[in-house]
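A.B. asks: what's the 3D shape of this:
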Amino acid sequence: MEEKRVDRYKVNKFKVILYIFLILLITLGLIVLWSRFISTSGLKVKEYKIVNNTLPDSFYGFKIIHFSDVHYGKTTDKHALKKIVDKINLINPDLVLFTGDLIDKDTDITDKLITELTSLLNKINAKNGKYAIKGNHDYSSDSFLEIMENSDFTILENSYDLIYNDINDYIYLGGLSSSIKSELDFEKTLDYFKQENVNKDIFSIIMMHEPDNIDELLNINDNVSMVLSGHSHGGQIRLPIIGPLGKINGAIKYPNEYYKVNNTKLYVSSGIGTTTYPFRFMNKPSINFYRLYNK
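C.D. replies: Numbers count the residues shown, from 1 in each chain. Purely as a prediction, here's the structure:
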């Protein structure tokens, strides 16, 4: 009797271990499927209220859309991008800003793909213009410049522009290259502030692909109002409390969605697509929506 009881105990213990293993295996499988097919689809709009007393009155309520890291051809296709374009147009932005990585470096760039992207991005409407900078993946071919210019985007590469909302009022917009694939020229981008008889307290936005470059930027000019960035994807895989499970070069120090660095607000887009591995977890594709106010 004692031996039977021991044998039954061993069998039951084995069954419990087997059940636990199967439950863990099924759970892991569901998480992988969720991360691959559910978390990489849809779109989250992150809305931010920006208050800065240097903003001209005519810009009160000004709307900016910031999107990044499409990585077209990975987990983002024409159907997903069309929904994003429709969402942007529904918001009716004054300004649209793209902070790099349009096509994934591993995507086969065909004439069909170029036509698709150009057609979709051309449908984005913005009253005061559409601007873009290169991400590190955008240096893989000349297609980025062709697509963006034919979609009415102005490329800012170590350069700047002034965004007018009426004949007298304007804000500053600068754009930097990718520090992974090119040389950053802060001096050239900030050339406006070296001129005489200009408003050096102007409301200013800098677009940079890699957020960790903000420290070098602010060492040169610490009077920048906002910096908009991408690259980190928010880690793609995020866990409660821990945050991003992995960090990449260029977004080691600033991988998350918001930081205040000195007096400058840094917003890091979590992006739309994926790269390296086609998974997202607790980190849906997203775009940023900023409303500007001066009080």
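A.B. asks: Where in this structure is the helix or strand with the lowest mean pLDDT?
C.D. replies: Within the chain, no helix or strand scores below helix 2-33, which has a mean of 78 by mean pLDDT, DSSP states H and E.
A.B. asks: after it, next one along is what?
C.D. replies: strand 44-51 (DSSP states H and E).
A.B. asks: Sheet-wise, list the partners of that following strand with their directions.
C.D. replies: Its sheet considered, strand 44-51 pairs with strand 286-293 (parallel) by DSSP bridges.
A.B. asks: quick one: buried residues of the strand it pairs with?
C.D. replies: 286-290, 292 (16 or more other CB atoms under 10 Å). For glycine as for every other residue, the C-beta is placed from the backbone atoms N, C-alpha and C.
A.B. asks: And stretch 110-125, by the same measure?
C.D. replies: Of the residues in stretch 110-125, those buried (16+ other CB under 10 Å) are 113-114, 116-118, 120-121, 124.
A.B. asks: starting at the chain centroid, how far to it?
C.D. replies: 19 Å (CA atoms, centre = their mean, to the nearest Å).
A.B. asks: now what about that stretch, what contacts it?
C.D. replies: 72-73, 78, 81-82, 85, 88-89, 92-93, 96, 102-103, 107, 130, 143, 146-148, 150-153 (CB atoms under 8 Å, 6 or more residues apart in numbering).
A.B. asks: Quick check: mean pLDDT of stretch 274-284?
C.D. replies: For stretch 274-284, mean pLDDT rounds to 94.
A.B. asks: Now the terminal residues of it, how far apart.
C.D. replies: By CA to CA, to the nearest Å, the extent of stretch 274-284 from end to end equals 11 Å.
A.B. asks: How about stretch 154-167?
C.D. replies: Length of stretch 154-167, first residue to last, CA to CA: 20 Å.
A.B. asks: ok now that stretch, how far from the chain's centre?
C.D. replies: Averaging C-alpha positions (CA atoms, centre = their mean) puts stretch 154-167 20 Å from its chain's average.
A.B. asks: That one: which residues count as buried?
C.D. replies: 155-161, 163, 165.
A.B. asks: can you redo the buried residues of strand 286-293 as JSON lines with distance to Leu18?
C.D. replies: Shown next, in JSON lines, are the buried residues of strand 286-293 (distance: CB to CB, whole Å):
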{"residue": "Ser286", "distance to Leu18": "41"}
{"residue": "Ile287", "distance to Leu18": "46"}
{"residue": "Asn288", "distance to Leu18": "47"}
{"residue": "Phe289", "distance to Leu18": "50"}
{"residue": "Tyr290", "distance to Leu18": "53"}
{"residue": "Leu292", "distance to Leu18": "59"}
